[in-house]
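Undergrad: Dropping a prediction and its sequence here:
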Amino acid sequence: MKIVIFGIDGYLGWPLALRLAARGHDVIGVDNYSTRRGVEEVGSWSALPIGTMEERLRAAKEVMGVDISFIEGDVTDYGVVKKVMQEKPDAVVHFAEQKSAPYSMMDLDHAKYTFTNNIIGTLNIVYAARDLSPRTHILKMGTLGEYGTPNFDIPETAMVKAIIGDREDEIVVPRWAGSWYHWSKVYDSYNLMYANKLWGLTVTDIHQGPVYGTRTPEIIDERLFTRFDFDDVWGTVINRYCAQAVIGHPLTVYGSGKQIRGFISLEDSIDSIYLLLTHPPEEGEYRVVHQYREAHSVIEIAHIVRNAAAELGMEVSIDHIQNPRAEKEEHYYNPIRRVLPSLGMFGLRKDFRSEVKVMLQDIIPYRHRIEEKRSIIMPRVRWR
Ligand SMILES: NC(=O)c1ccc[n+]([C@@H]2O[C@H](COP(=O)([O-])OP(=O)(O)OC[C@H]3O[C@@H](n4cnc5c(N)ncnc54)[C@H](O)[C@@H]3O)[C@@H](O)[C@H]2O)c1
């Protein structure tokens, strides 16, 4: 297959490119390096050192013998999107968005940037698909955070039956996002649904939970590392806790820590995306996919990280700090999963605890890079 990855330089984009190239697919990557710049802006860096794109591509060739094409460009520039869509790819994977909730909550400028970057990028992709390659499968990475934490099972469908007053109709599955970033993803989903309805585009809209991890089977050399963010703005919770543990910083649990989320490892995430690409929906279908392996509360995660660290001889404490976010701390949580299990994903129960231990072992050699940024571990961005 010929596959375009928008956002190839990112945490998920790079390992997906390696996976696809290793399995003989043609990969064309696009990126504008905005995550590198955003991480630098908040005074941070990736805990695992990553090379420039030129160095990464060279390493992929030398270590794995694969060629990956790359175009430096911005997805909000229609000319860039048109250029790759003219190649009539079998699929495009759209990761190229501002992905941090705290970054979007910094101030009006960061909220505006998040909306413009994410919503316009997605709009460019659906228009380019309509005009140049209507049969291309658009696989878009959204988030489970679009739904919030409703007191019902979250259907893995676009529409749901609703009874209002004494009348019944189908409505879009309700959403209540918890940051401007998450709202930008809600609008993306609406736009994708609408483009599918208007023009019959083939779409997989993935709603993923927070990803954790350092490796995939293709990352067999330091030069092939993917980024690993750990600061207050860019790090996802498990990655942040692991980084805190290796420098002996107390684990920063927001509020009571009873907030529940559905987590997935980097390896499972890449496996799932690969399955969805190789098992596309019917032509003209809009497919919703909930992508997570296990749901845990944040405090459970902190205990798992603390125990894994203890097994490696590191003592860490857990601190409950004032929650900088506006979110429910006690709630029901059950996003339904049918699509990925029906494709054979999540069958084997993986040992979450041993995966966390592997992560800790992977980042220990780079703990000096985390130590150097110790001052940007505590949350600086508040929701109100
Ligand atoms: N990592 C997670 O835990 C997680 C969970 C759920 C959803 N997601 C979503 O998955 C996608 C990928 O996440 P990630 O963790 O790899 O993020 P990332 O920031 O590491 O990767 C995104 C890449 O897209 C690029 N990019 C952003 N805007 C662009 C633009 N306008 N033009 C070109 N390139 C652009 C960035 O430079 C970056 O390399 C994001 O859309 C994110 O919202 C991530």
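TA: Received the coordinates, thanks.

Undergrad: For residue 353, grab the count of nearby residues.
TA: Using other Cβ atoms under 10 Å, residue 353 is surrounded by 12 other residues. In short, each C-beta sits where N, CA and C put it, glycine included.

Undergrad: what residues are up against it?
TA: Neighbouring residues of residue 353 by Cβ atoms under 8 Å, 6 or more residues apart in numbering: 304, 307, 308.

Undergrad: before we move on, what about residue 144?
TA: 154, 207, 208, 209, 261, 262, 290, 292, 335 are the contacts of residue 144 under Cβ under 8 Å, 6+ apart.

Undergrad: and with 6 Å instead?
TA: Taking Cβ atoms under 6 Å, 6 or more residues apart in numbering as the criterion, residue 144 is in contact with 207, 209, 262, 335.

Undergrad: beta partners for the last one?
TA: If I follow you right, that is residue 335. Residue 335 has these beta-bridge partners by DSSP bridges: residue 154.

Undergrad: Please apply the same query to the third one.
TA: Each beta-bridge partner of residue 262 is listed here, defined by DSSP bridges: residue 295.

Undergrad: buried sites along the helix or strand containing residue 163?
TA: Per DSSP states H and E, residue 163 falls inside strand 159-164. Residues of strand 159-164 classed as buried: none (neighbour count, 16 or more other Cβ atoms under 10 Å).

Undergrad: got it, and stretch 186-194?
TA: So, applying 16+ other Cβ under 10 Å, buried residues of stretch 186-194: 186, 187, 188, 189, 191, 192, 193.

Undergrad: related to what we said a few turns ago, now the helix or strand that comes right after the strand holding residue 163: average pLDDT?
TA: Downstream of strand 159-164, the next assigned helix or strand under DSSP H and E is strand 167-172. The average pLDDT within strand 167-172 is 98.

Undergrad: For residue 156, which residues are in contact?
TA: Contacts of residue 156 (Cβ under 6 Å, 6+ apart): 288, 290, 336, 338.

Undergrad: how does it look with 7 Å?
TA: 288, 289, 290, 336, 337, 338, 339 (Cβ atoms under 7 Å, 6 or more residues apart in numbering).

Undergrad: Tell me, what's the model's pLDDT at the residue nearest to residue 197 when sequence neighbours are not counted?
TA: Spatial nearest neighbour of residue 197, chain neighbours left out: residue 286 (7.7 Å); criterion: Cβ to Cβ, 6 or more residues apart in numbering. As predicted, residue 286 sits at a pLDDT of 98.

Undergrad: And the one 10 residues further on, by the same measure?
TA: At residue 296 the predicted local confidence, pLDDT, stands at 97.

Undergrad: ok, it - how many residues close by?
TA: By other Cβ under 10 Å, neighbour count at residue 296 equals 20.

Undergrad: now it, nearest residue through space, not along the chain?
TA: residue 263 (6.2 Å).

Undergrad: what about stretch 172-191, near the ligand?
TA: No. Stretch 172-191 stays clear of the ligand (Cβ under 6 Å from any ligand atom), getting no nearer than 6.8 Å.

Undergrad: from now on call the first residue 246
TA: Done: numbering now begins at 246, and the last item shifts to stretch 417-436.

Undergrad: Give the buried residues for that stretch.
TA: Neighbour-count burial for stretch 417-436 [16+ other Cβ under 10 Å]: 418, 420, 422-434, 436.

Undergrad: again, but for stretch 285-297
TA: 287, 289, 290, 291, 292, 293, 295.
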